[in-house]
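Asker: all I have is the shape, not the residue letters:
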């Protein structure tokens, strides 16, 4: 099956610092990946679509200068939370469609806590 | 605007007590409906994809069905390990070729022994 990994699985940082989260497709290539944010007891909210070789597409209300996305290869997308603040604390999850299918496969998530 | 609504928000069942979860959707054109299971602190785990009304899929104690307006996830004789949040998502024509999904808020299922 299609496996997606994320690193790190959790991170604690001080307010004002930047944090980078990696999303990898392990056994398939993904020209598109998706980044979601999930607050406690809420559903997944799409933040942006990461496109290999081109700029990411951000959802309405998501600050592209704060959440930098780089899709450097067909198996790696990174999300950098710049100048993180406590309100950025959340569970960040990435996904990628399996090759030749519309089904999206999700990573295990990254828990971010900003102090 | 595409919309997905799940009910109930939470469901508590006794082990062996069968029930159904509902996912109602309003989309411009359905390209696919997806069911996922999410355990606390983890990413969603794929369960089923349904593409057209009348389609059914089964996996162990779970069975997903699809009509033109809604999908049901039937749980037969559930066990405590079936406890999780079940998420429904749709991919519509509005999402285009990007496979963008719209998620419902989920149903939190608790199965007591």
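Answerer: Yep, it's here. These numbers were taken from a predicted model, which means no experiment stands behind them. Residues are numbered from 1 along each chain as shown, chains lettered A, B, ... in the order given.

Asker: which parts of chain B sit against chain A?
Answerer: Chain B comes close to chain A at residues B:31-32, B:34, B:36, B:41-46, B:49, B:87, B:91, B:98-101, B:103-106, as judged by CB under 8 Å from any CB of the partner chain. (Glycine included, C-beta is placed from N, CA and C.)

Asker: in chain A, which residue sits nearest chain B?
Answerer: Residue nearest to chain B within chain A: residue A:106 (3.9 Å; CB to the nearest CB).

Asker: residues touching the spatially most central residue of chain A, list them.
Answerer: Central residue of chain A (CA atoms, centre = their mean): residue A:35, 3.7 Å from the mean position. By CB atoms under 8 Å, 6 or more residues apart in numbering or on different chains, the residues touching residue A:35 are A:23, A:46-50, A:67, A:69, A:77, A:79, A:92-94.

Asker: pick out whichever of these sits closest to residue B:12.
Answerer: Compare each of the contacts of residue A:35 with residue B:12 using CB to CB and the shortest gap goes to residue A:93, at 26.2 Å.

Asker: quick check: chain neighbours aside, which residue is closest to residue 4?
Answerer: Using chain A here. For residue A:4, ignoring the flanking residues on the chain, the nearest one in space by CB to CB, 6 or more residues apart in numbering or on different chains is residue A:107 at 4.2 Å.

Asker: wait, I meant chain B there
Answerer: Residue B:4's closest residue in space is residue B:104 (CB to CB, 6+ apart), at 4.0 Å.

Asker: just the terminal-to-terminal distance for stretch A:73-91.
Answerer: 24 Å (CA to CA, to the nearest Å).

Asker: tell me the phi and psi of the residue nearest to the centre of chain A?
Answerer: Here is the backbone geometry of residue A:35 (degrees, to the nearest 10): phi -120, psi 130.

Asker: for it, which non-adjacent residue is spatially closest?
Answerer: residue A:47 (4.7 Å).

Asker: picking that back up, what are the bridge partners for the residue nearest to the centre of chain A, then?
Answerer: residue A:48, residue A:94 (DSSP bridges).

Asker: next one: it from residue A:60, what distance?
Answerer: Per CB to CB, to the nearest Å, residue A:35 is found 15 Å from residue A:60.

Asker: residue furthest from the geometric center of chain A?
Answerer: Quick read of chain A (CA atoms, centre = their mean): farthest out is residue A:100, 21.6 Å.

Asker: specify the local secondary structure of it.
Answerer: The local conformation at residue A:100, judged by DSSP: H, G, I helix; E, B strand; the rest coil, is coil.

Asker: in chain B, which residue sits nearest chain A?
Answerer: Using CB to the nearest CB, residue B:43 is the residue of chain B that sits closest to chain A, at 3.9 Å.

Asker: contact partners for residue A:90?
Answerer: When contacts are taken as CB under 8 Å, 6+ apart, residue A:90 is in contact with A:37, A:38, A:39, A:112.
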